[in-house]
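Enquirer: have a look at this prediction, sequence included:
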Amino acid sequence: MRAQTLTPFQLFGNQGRYVVPMFQRPYVWNREEQWEPLWQDVRTLAERMLEESSAGVREEAPTHFLGAIVLDQQFAPTAFIPARHIIDGQQRLTTLQLLLDAAEAVVREHGLAADASALRGLILNNAAIAQSPDDVFKVWPTNYDRSAFRAAMTDGHKPTGDDAKSQIVKAHEFFSHEIAEWAELDGDPEKVRQRLHSLTLALTQSLRLVVIDLEDGDNAQVIFETLNHRGTPLLAADLVKNFVFQIAEADGLDPETLYEEHWKKFDSKEWRRSVGTGSQKRPRLDVFLNYWLVMRTLREVPADRVFTDFRSLVSSAETGVIEHVRDLSASAEVFERLERADAFSLEGTFYYRVLSVLRQSAWGPFLLWLYREGPDAVEPAQRERALKAAESWAIRRMLVRAPTRAITALVVDLLRVMDEAPRDEVGEALSRYLAEQTVESRYWPSDSDVRSAVVDQPIYGRIPQARVRMILEELEDQARTPLAEEGHCTRGKLTIEHVMPQGWREHWRLPGERTPELESMDRDRYIHTLGNLTLVNNKLNPALSNRPWLDSEAVARGLGKRGKQSILEEHSVLVLNREILRGHPDQWTEEAIRRRGERMAEQIIQSWPRFAPAG
């Protein structure tokens with residue numbers, strides 16, 4: 001196969017036909033996903049060219065990449081219009097033709113004869129050498145769409161019947177309307193002409209397509225099936241790889257050595273597998289590239305901009321592509337070590353709690369930045385300070401149920417703060433910056449905020465159980481430390497249990513000091529607070545879980561010999577539960593829940609402190 005990058009003028013400027021084979025599907029592109037984005041991109045190009053022309057600026061014309069197409073040359077007798085089959089990219093080429101034709105009609109209507117002629121030459125072949133009326137069309141769709149395409153592309157013809165409902169006709173109508181409305185935005189005839197001239201230049205010269213021509217022996221249908229059915233969709237990393245090796249060859253580097261030393265590992269299945277990032281799944285390599293780009297550029301990089309921003313970074317940098325690839329490879333090793341870090345290490349804990357349980361993948365570039373190596377490495381004490389401050393900020397906001405919509409922007413700002421700080425002050429700079437934030441989307445909840453959320457507010461049912469469990473795991477670890485208990489609490493495996501059961505009305509008596517309504521309201525207020533929650537090794541049977549507290553009460557009610565207290569002791573050896581059992585041998589009440597909640601709040605404040613701003 002041979003590949004080259006062409007403009008619409010180069011692709012359509014000569015006599016020729018691009019025919020969609022019968023085995024391909026009909027035209028399916030739509031307004032929201034394809035037409036509007038394409039028009040916005042073309043309009044932006046035209047407006048930029050118009051601005052530069054008005055300002056008298058002479059710069060390299062802006063371009064926009066439309067994607068790739070695969071073509072297969074067909075035999076054509078002498079004097080016949082040469083034809084190629086569109087093996088891949090028929091949706092793209094068909095849409096481009098509809099856009100060109102819609103633009104030509106508006107340009108011609110406003111009297112721009114030269115521009116209209118330039119556009120028309122990209123739409124229609126010379127009728128004098130056409131073997132049939134339909135041979136004048138430079139793109140000819142599959143059988144299903146030919147009638148609608150003919151109707152849309154024929155001047156003065158109004159589509160009817162099924163043609164009027166076709167996506168092809170709707171696309172042509174959309175582009176016609178948008179172009180006319182945009183051109184006539186100012187109402188000034190001269191400005192209309194300037195806009196349409198810039199649009200003509202954008203359409204004919206500034207769009208780019210990668211055109212891949214098949215050669216003798218290439219099986220067109222197998223290639224089509226591979227690209228559209230059996231093939232794996234291109235990752236952003238695939239585009240990055242292609243760009244890297246194109247530049248490497250242009251710079252005279254040895255691509256094989258570059259591949260073996262720095263890129264080969266990225267082609268493994270392990271790097272291409274899907275991983276969770278928040279509510280979505282993306283290829284692991286694309287996730288890493290995103291983290292690396294944010295870390296290096298110190299700005300947000302949307303998932304759909306990974307390749308574009310990588311290309312911009314390499315193109316604008318003073319260092320060559322080899323330096324970026326080496327850094328990418330070294331950072332990948334750091335990334336893998338962080339993924340494999342011991343679950344109870346500083347970085348492993350942050351990864352588990354913030355990236356996995358809180359599902360805040362926006363912190364990935366932050367973690368990668370802190371553990372980078374070389375002359376810019378951060379001092380361990382400052383790294384620890386930064387991680388603890390960031391984790392405290394994230395967990396405190398989770399407890400008070402603060403919004404998370406602006407985390408990505410915050411992380412980018414934190415990276416800039418740390419990047420500007422001396423390496424022996426990184427943690428201090430980050431802590432100070434977080435403590436100074438006051439807006440709702442960024443503030444670091446105070447100790448009093450945490451106390452109120454833990455003691456008085458229901459946690460269970462309002463915060464995902466994995467996050468509640470994470471808090472209880474930390475409290476269990478705290479309880480073990482002063483007792484010299486060995487090991488850490490198991491992470492992500494234990495079950496949350498209500499000490500006073502959710503179904504307390506079945507077997508738990510009210511104190512009887514006030515009206516039943518008031519006492520029930522008070523009990524329901526505390527039943528889902530953290531003070532009434534604990535962890536057990538195995539989920540208790542609801543019938544057992546709802547039993548009264550004491551064995552004697554269970555016997556009195558004909559429920560067997562054991563109450564909730566004995567069952568809880570049997571099902572868990574956790575220190576958290578031993579404290580509950582030891583401190584409340586006779587009863588478990590609302591007051592006990594509140595007092596335990598208050599103690600837990602103070603422990604949480606100690607585990608995730610809020611560092612006060614300096615001064």
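Expert: Done, it's in.
Enquirer: what is whatever helix or strand I593 lives in packed up against?
Expert: When elements are defined using DSSP states H and E, I593 is found to belong to helix 590-607. Contacts of helix 590-607 with other secondary structure elements, assessed using 3 or more CB pairs under 8 Å, 6 or more residues apart in numbering; DSSP states H and E, are made with helix 447-456, helix 465-480, helix 516-526. Yep, even glycine has a C-beta here, placed from its N, CA and C like the rest.
Enquirer: what's the distance between the helix or strand where K191 lies and the middle of its chain?
Expert: Remark: K191 resides in helix 189-201, with elements defined by DSSP H and E. Relative to the centre of its chain, helix 189-201 is centred 38 Å away, using CA atoms, centre = their mean, to the nearest Å.
Enquirer: which element follows it toward the C-terminus?
Expert: As assigned by DSSP H and E, the chain's next helix or strand after helix 189-201 is strand 207-213.
Enquirer: mean confidence score for stretch 27-44?
Expert: Stretch 27-44 shows an average pLDDT of 92 in the prediction.
Enquirer: flag every buried residue along that stretch.
Expert: Counting neighbours by 16 or more other CB atoms under 10 Å, one finds that the buried residues in stretch 27-44 are 27, 29, 34-35, 38-39, 41-43.
Enquirer: between those, which is nearest D309?
Expert: If you rank the buried residues of stretch 27-44 by distance to D309 using CB to CB, D41 comes first, at 16.6 Å.
Enquirer: identify, by residue count, the longest strand of the chain.
Expert: strand 64-73 (DSSP state E).
Enquirer: direction included, what does it pair against?
Expert: Take DSSP bridges as the rule and strand 64-73 pairs in its sheet with strand 83-88 (antiparallel), strand 207-213 (parallel).
Enquirer: to E104, which of those strands lies closest?
Expert: strand 207-213 (15.1 Å).
Enquirer: gap between the longest strand of the chain and the chain center?
Expert: Centroid separation between strand 64-73 and its chain, computed with CA atoms, centre = their mean, is 27 Å.
Enquirer: how about that strand: buried residues?
Expert: Buried residues in strand 64-73, counting neighbours by 16+ other CB under 10 Å, are found at 66, 68-72.
Enquirer: mind putting those in CSV, pLDDT and distance to F80 included?
Expert: Supplementary listing: the buried residues of strand 64-73 in CSV, determined by pLDDT from 0 to 100; distance: CB to CB, whole Å:
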residue, pLDDT, distance to F80
L66, 89, 28
A68, 86, 27
I69, 89, 22
V70, 88, 23
L71, 89, 17
D72, 83, 17
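Enquirer: that older thread, need the winner for burial among the helices and strands packed on helix 590-607.
Expert: When neighbours are counted by mean count of other CB atoms under 10 Å, the highest per-stretch mean among the helices and strands packed on helix 590-607 falls to helix 465-480, a mean of 19.
Enquirer: how about residues contacting it?
Expert: Residues external to helix 465-480 that are found in contact with it (CB atoms under 8 Å, 6 or more residues apart in numbering): 352-353, 357-358, 395, 398-399, 459-460, 485, 487-492, 494, 496, 530, 533-535, 574-576, 579, 600, 603-604, 606-607.
Enquirer: right, so the strands paired with strand 64-73: which one is the most enclosed?
Expert: Of those, the one with the most neighbours on average (mean count of other CB under 10 Å) is strand 83-88, at a mean of 22.
Enquirer: send the alpha carbons of it over as CSV?
Expert: Written as CSV, here are the backbone C-alpha positions of strand 83-88 (Å, rounded to 0.1, in the frame of the first residue of the first chain):
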residue,chain,number,x,y,z
ALA,A,83,-12.2,5.2,-11.1
ARG,A,84,-11.1,4.0,-7.7
HIS,A,85,-13.1,2.0,-5.2
ILE,A,86,-13.4,3.5,-1.7
ILE,A,87,-12.3,0.6,0.5
ASP,A,88,-12.5,2.6,3.7
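Enquirer: that one: what's the following helix or strand?
Expert: Using DSSP H and E, the helix or strand that directly follows strand 83-88 along the chain is helix 90-109.
Enquirer: just the CA trace of that next one, in CSV.
Expert: What follows is the C-alpha trace of helix 90-109 in CSV, where atoms were taken according to Å, rounded to 0.1, in the frame of the first residue of the first chain:
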residue,chain,number,x,y,z
GLN,A,90,-16.8,6.3,2.2
GLN,A,91,-18.7,8.1,5.0
ARG,A,92,-16.0,10.8,5.1
LEU,A,93,-15.7,11.3,1.4
THR,A,94,-19.4,11.4,0.8
THR,A,95,-19.9,14.0,3.5
LEU,A,96,-17.0,16.1,2.1
GLN,A,97,-18.7,16.1,-1.3
LEU,A,98,-22.0,17.2,0.2
LEU,A,99,-20.2,20.0,2.1
LEU,A,100,-18.4,21.1,-1.1
ASP,A,101,-21.6,21.1,-3.1
ALA,A,102,-23.5,23.1,-0.5
ALA,A,103,-20.7,25.6,-0.3
GLU,A,104,-20.5,25.9,-4.1
ALA,A,105,-24.3,26.8,-4.3
VAL,A,106,-24.0,29.5,-1.6
VAL,A,107,-20.8,31.0,-3.1
ARG,A,108,-22.4,31.0,-6.6
GLU,A,109,-25.6,32.6,-5.3
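Enquirer: check which residues of that helix are buried.
Expert: Neighbour-count burial for helix 90-109 flags 90-108 (criterion: 16+ other CB under 10 Å).
Enquirer: now stretch 395-407
Expert: Neighbour counts using 16+ other CB under 10 Å place 395-399, 402, 404, 407 of stretch 395-407 among the buried residues.
Enquirer: same question for stretch 154-170.
Expert: For stretch 154-170, the neighbour count (16+ other CB under 10 Å) marks 159, 163, 166-170 as buried.
Enquirer: from those, which land in helices?
Expert: In helices, judged by DSSP state H, the following of these are found: 163, 167-170.
Enquirer: which helices and strands sit right next to whatever helix or strand T349 lives in?
Expert: When secondary structure is defined using DSSP H and E, the element that contains T349 is helix 346-350. If you count contacts as 3+ CB pairs under 8 Å, 6+ apart, helix 346-350 packs onto helix 380-399.
Enquirer: which element follows the helix it packs on toward the C-terminus?
Expert: Note on helix 380-399: by DSSP H and E, the next helix or strand toward the C-terminus is helix 407-420.
Enquirer: packing partners for that next one?
Expert: Where contact means 3+ CB pairs under 8 Å, 6+ apart, helix 407-420 is packed against helix 284-297, helix 364-370, helix 426-436.
Enquirer: just the angle between that helix and helix 284-297, please?
Expert: Note on geometry: by axes from the mean of the first three to the mean of the last three CA atoms, to 10 degrees, helix 407-420 and helix 284-297 are set 50 degrees apart in direction.
Enquirer: what's helix 407-420 in contact with?
Expert: With contacts defined as CB under 8 Å, 6+ apart, helix 407-420 is touched by 294-295, 298-300, 360, 362-363, 365-366, 369-370, 378, 386, 390, 426, 429-430, 433-434, 441-442.
Enquirer: any idea how far Q502 is from V301?
Expert: Between Q502 and V301 the computed distance is 44 Å (CB to CB, to the nearest Å).
Enquirer: ignore what I typed, I meant S345.
Expert: In this structure, S345 and V301 are 28 Å apart, going by CB to CB.
Enquirer: looking at those two, which is more packed in?
Expert: Here S345 and V301 are set side by side on neighbour count (other CB atoms under 10 Å), and the busier one is V301, at 23 against 12.
Enquirer: how far away is the nearest residue to that one once chain neighbours are set aside from L11?
Expert: Once its chain neighbours are removed from consideration, V301 has its nearest residue in L293; the separation is 4.5 Å (CB to CB, 6 or more residues apart in numbering). Counting by CB to CB, the gap between L293 and L11 amounts to 32 Å.
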